[in-house]
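**Student:** model the structure of this input:
(one chain, ligands or ions: 2)
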Amino acid sequence: MADYDYDVLVIGSGPGGYVAAIRAAQLGLIVACAEGRETLGGTCLNVGCIPSKALLHGSELYADAVEGTLAKFGVKIDKVELDLAVLQGEKAIAVKELTGGIEFLFKKNKITWLKGYARFTGPHAVEVAGKPVTAKNIVIATGSSVTPLPGVAVDNDAGVIVDSTGALALDRVPERLVVIGGGVIGLELGSVWRRLGAKVTVVEFLDQLLPGMDGDIRKEAAKIFRKQGLELKLSTKVTGATVAGAKATLTLEPAAGGAAETLEADCVLVSIGRRPNTEGLGLDAIGLKPNARGQIETDHDFRTAIDGVWAIGDVIPGPMLAHKAEDEGIAVAENIAGLTGIVNHDVIPSVVYTMPEIAGVGLTEEAAKAAGHELKIGKFPMSANSRAKTNREPDGFVKIIADAKTDRVLGAWMIASVAGTMIAEAALAMEFGATSEDIAYTCHAHPTHSEAIKEAAMAVTGKPIHM
Ligand code: FAD
Ligand code: NAD
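**Tutor:** Ligands and ions are numbered 1, 2, ... in the order given. Next comes the predicted model:
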């Protein structure tokens, strides 16, 4: 340690970086974390997972009142009003509490927060806010930023064409919101503003929403979102936008080419993906080159090509998810400390927090077939699950994909009000190499939504009871 200021310097304090810093400190290493933002927690806590879930939850409560779900259960309210400032205030409190929580954990674990953006100046050396810092190990956890769409300039302050950060902070409910990109952000934030009263159109380049998810799930999701009132323009691309005062006019074209049309909106959300943050990091100074997609490549242990430099989270290949970044944070710290840190990238669940929620883990049916597996598939509709039926949440289903020869579960996909919680069971089962029979013969509490997983597993090789 004598030659360096720190054993470990983590660049970035998102779910990847802060978890790596805490784990490294728990393992007895001297740790610093450089963060350029005013608060710790990265995209996830400041402008991602947490504020979006606050708005999703608040807008669900509002919709329950306005759309009659509460009345159906005998809760009568004379006049329902939205106070958007209060909702935004509650969101801000949640963000403050959670980002403050990371600051507390840093102090508790004696982690030094170096305030400012870090830039490599040489091997084992960076500069933060003009000050040189050295470390034996440097972990790049700089995360990602919004991918811009050429011809559609985002201006979050003006609030007409916004990215996810702007869409989380609107001080008005737009009358007409156009969402560019039918991925996770577009559907979550599109759902928020639809529930609060906006007329929402989602423009998606591909012929289905949610690329990467199972085909049946994508089709069912589109059906449900249409039923909820989202207008979906699939196989359509946005080629440009003009803004006049508080209105935007978008130019749309069929993805396969053809006549252009225009679409007016008083708010446009650009949500076409995110790209890794490597600009300004001074990677040249250490001779580290990002790949063609701008990501930093690592080996299985999260080592980059440069000795003593590691990378995790959104800045490396793989799904851009907070829990993936967190697990990589733990693993990289354990590897630096000489232990064996492993992440099983085949079992990373993903969840879309709409209502109902959409979740999956492992292979899609399409990917499993492409990989040469012969399959047995079991499905069970939520409309036949007693708890979902009683709660009046009939939409969705559970789909278990198993290998026909070994019965081993290869993937699990579901749409259900609490799919984001249910998916943990499928992930755990897959982590332990479960067969569909293992799940089918596991006793599930009644009445729970999770019984639909058991019934879908029973449907793989036999018959579910309630169908
Ligand atoms: P980040 O969280 O992006 O953190 C990187 C940090 O590094 C940033 O704070 C940045 O300021 C800092 N930084 C960058 N460069 C430097 C530098 N040179 N020096 C110092 N600091 C630097 N994922 C989920 O799993 N569930 C969700 O529900 C979810 N919701 C989301 C909602 C939205 C609207 C968005 C935008 C994303 C959401 N995500 C969600 C994705 C999730 O936020 C990311 O996958 C996760 O934050 C990645 O963690 P990370 O640590 O790799 O990077
Ligand atoms: P995404 O990759 O999920 O979806 C982007 C969508 O935009 C795709 O469907 C793509 O086909 C479409 N698209 C691309 N160019 C287009 C164009 N010109 N016109 C129309 N459509 C176009 O990206 P996102 O929704 O921006 O989210 C970014 C990342 O953040 C994702 O990787 C996601 O993992 C993460 N995130 C996760 C959660 C969650 O876990 N619940 C929530 C929000 C964000």
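**Student:** enumerate the residues of the chain near ligand 2.
**Tutor:** Selection of the chain residues close to ligand 2 by CB under 6 Å from any ligand atom yields 149, 180-186, 188, 203-206, 211, 237-238, 271-274, 319-321, 350-353. Placement of C-beta: from N, CA and C, glycine included.
**Student:** so how do I select the buried members of those in PyMOL?
**Tutor:** To isolate the buried subset of those in PyMOL, counting by 16 or more other CB atoms under 10 Å, use the following:
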select buried, resi 149+180+181+182+183+184+185+186+188+203+204+206+237+238+271+272+274+320+321+350+351+352+353
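**Student:** of the residues of the chain next to ligand 2, which belong to helices?
**Tutor:** Among the residues of the chain next to ligand 2, the ones falling in helices (DSSP state H) are 184-186, 188.
**Student:** where do the strands sit along the stretch 1-150 of the chain?
**Tutor:** Using DSSP state E, counting those that start in this stretch, the strands of the stretch 1-150 of the chain run over residues 6-11, 31-35, 112-115, 118-122, 125-128, 131-140, 144-146.
**Student:** would you list those in TSV and tack on distance to Cys267 and mean neighbour count?
**Tutor:** Formatted as TSV, these follow (distance: least, CB to CB, whole Å; neighbours: other CB atoms under 10 Å):
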stretch	distance to Cys267	mean neighbour count
strand 6-11	34	27
strand 31-35	31	27
strand 112-115	34	17
strand 118-122	35	18
strand 125-128	37	20
strand 131-140	35	21
strand 144-146	16	19
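**Student:** now mean pLDDT too, for those strands, in CSV please.
**Tutor:** Converted to CSV, the strands of the stretch 1-150 of the chain look like this (pLDDT from 0 to 100):
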stretch, mean pLDDT
strand 6-11, 98
strand 31-35, 98
strand 112-115, 98
strand 118-122, 97
strand 125-128, 98
strand 131-140, 98
strand 144-146, 98
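**Student:** adding distance to Ala265, write those out as JSON lines.
**Tutor:** Shown next, in JSON lines, are these (distance: least, CB to CB, whole Å):
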{"stretch": "strand 6-11", "distance to Ala265": "38"}
{"stretch": "strand 31-35", "distance to Ala265": "35"}
{"stretch": "strand 112-115", "distance to Ala265": "39"}
{"stretch": "strand 118-122", "distance to Ala265": "39"}
{"stretch": "strand 125-128", "distance to Ala265": "41"}
{"stretch": "strand 131-140", "distance to Ala265": "38"}
{"stretch": "strand 144-146", "distance to Ala265": "18"}
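**Student:** distance to ligand 1 for these - can I get that in CSV?
**Tutor:** Compiled in CSV, the strands of the stretch 1-150 of the chain are given as follows (distance: least, CB to the nearest ligand atom, whole Å):
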stretch, distance to ligand 1
strand 6-11, 5
strand 31-35, 4
strand 112-115, 8
strand 118-122, 4
strand 125-128, 7
strand 131-140, 8
strand 144-146, 5
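**Student:** got any ranges where the protein has weak pLDDT?
**Tutor:** Applying pLDDT under 70 to the predicted model, the residue ranges of the chain that meet it are 1-2.
**Student:** how about stretch 442-452 as PDB, C-alpha atoms only?
**Tutor:** Taking C-alpha atoms only, stretch 442-452 is exported to PDB below (Å, rounded to 0.1, in the frame of the first residue of the first chain):
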ATOM      1  CA  THR A 442     -42.400 -27.200  -4.300                       C
ATOM      2  CA  CYS A 443     -45.200 -26.200  -2.000                       C
ATOM      3  CA  HIS A 444     -46.300 -22.600  -2.700                       C
ATOM      4  CA  ALA A 445     -48.400 -20.600  -0.200                       C
ATOM      5  CA  HIS A 446     -52.100 -20.000  -1.100                       C
ATOM      6  CA  PRO A 447     -53.500 -17.700  -2.200                       C
ATOM      7  CA  THR A 448     -50.500 -16.000  -3.900                       C
ATOM      8  CA  HIS A 449     -49.700 -14.900  -7.400                       C
ATOM      9  CA  SER A 450     -46.600 -17.200  -7.200                       C
ATOM     10  CA  GLU A 451     -48.900 -20.200  -7.400                       C
ATOM     11  CA  ALA A 452     -49.100 -19.400 -11.100                       C
END
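**Student:** so Val398 touches Ala456, yeah?
**Tutor:** Yes - with contact defined as CB atoms under 8 Å, Val398 counts as touching Ala456 (4.0 Å).
**Student:** list the residues that contact both of these two?
**Tutor:** Listed contacts common to Val398 and Ala456 are 379-380, 412; contacts here mean CB atoms under 8 Å, 6 or more residues apart in numbering.
**Student:** okay, now Arg172: neighbour count?
**Tutor:** Using other CB atoms under 10 Å, the number of residues around Arg172 comes to 12.
**Student:** how does the chain divide into domains?
**Tutor:** Under automatic domain parsing, the residue ranges defining each domain of the chain are 6-146+275-336, 161-272, 350-460.
**Student:** name the residues that touch stretch 82-97?
**Tutor:** Under the criterion CB under 8 Å, 6+ apart, residues 39, 45-46, 50-51, 54-55, 58-59, 62, 168-173, 196-197 lie in contact with stretch 82-97.
**Student:** now with 10 Å, please.
**Tutor:** Counting by CB atoms under 10 Å, 6 or more residues apart in numbering, stretch 82-97 makes contact with 39, 41, 45-47, 50-55, 57-59, 61-62, 65-66, 168-173, 192, 195-197, all of which sit outside it.
**Student:** among the residues of the chain next to ligand 2, which are located in strands?
**Tutor:** In strands, judged by DSSP state E, the following of the residues of the chain next to ligand 2 are found: 180, 203, 237-238, 274, 350-352.
**Student:** about what we covered before: contacting ligand 1 as well, which ones from the contacts of stretch 82-97?
**Tutor:** Among those, proximity to ligand 1 is found for Ser52 (CB under 6 Å from any ligand atom).
**Student:** name only those of the contacts of stretch 82-97 that count as buried.
**Tutor:** Restricting the contacts of stretch 82-97 to buried positions leaves 39, 41, 45-47, 50-52, 54-55, 57-59, 62, 65-66, 168-170, 173, 192, 195-197, with burial counted as 16+ other CB under 10 Å.
**Student:** can you name every helix or strand that the helix or strand Lys399 falls within contacts?
**Tutor:** Under the criterion DSSP states H and E, the helix or strand holding Lys399 is strand 397-403. Taking 3 or more CB pairs under 10 Å, 6 or more residues apart in numbering; DSSP states H and E as contact, the helices and strands that strand 397-403 lies on are helix 215-228, strand 357-362, helix 365-370, strand 375-381, strand 409-416, helix 419-431, helix 436-440, helix 451-461.
**Student:** and of these, who's closest to ligand 1?
**Tutor:** When these are compared for distance to ligand 1 using CB to the nearest ligand atom, the nearest one is helix 419-431, at 8.6 Å.
**Student:** got the angle for that closest one vs helix 215-228?
**Tutor:** 170 degrees (axes from the mean of the first three to the mean of the last three CA atoms, to 10 degrees).
**Student:** in helix 419-431, what counts as buried?
**Tutor:** Of the residues in helix 419-431, those with enough neighbours to count as buried (16+ other CB under 10 Å) are 419-420, 422-423, 425-427, 429-430.
**Student:** Glu264 contacts Thr249, correct?
**Tutor:** Yes - using CB atoms under 10 Å, Glu264 and Thr249 qualify as a contacting pair, with a distance of 5.4 Å.
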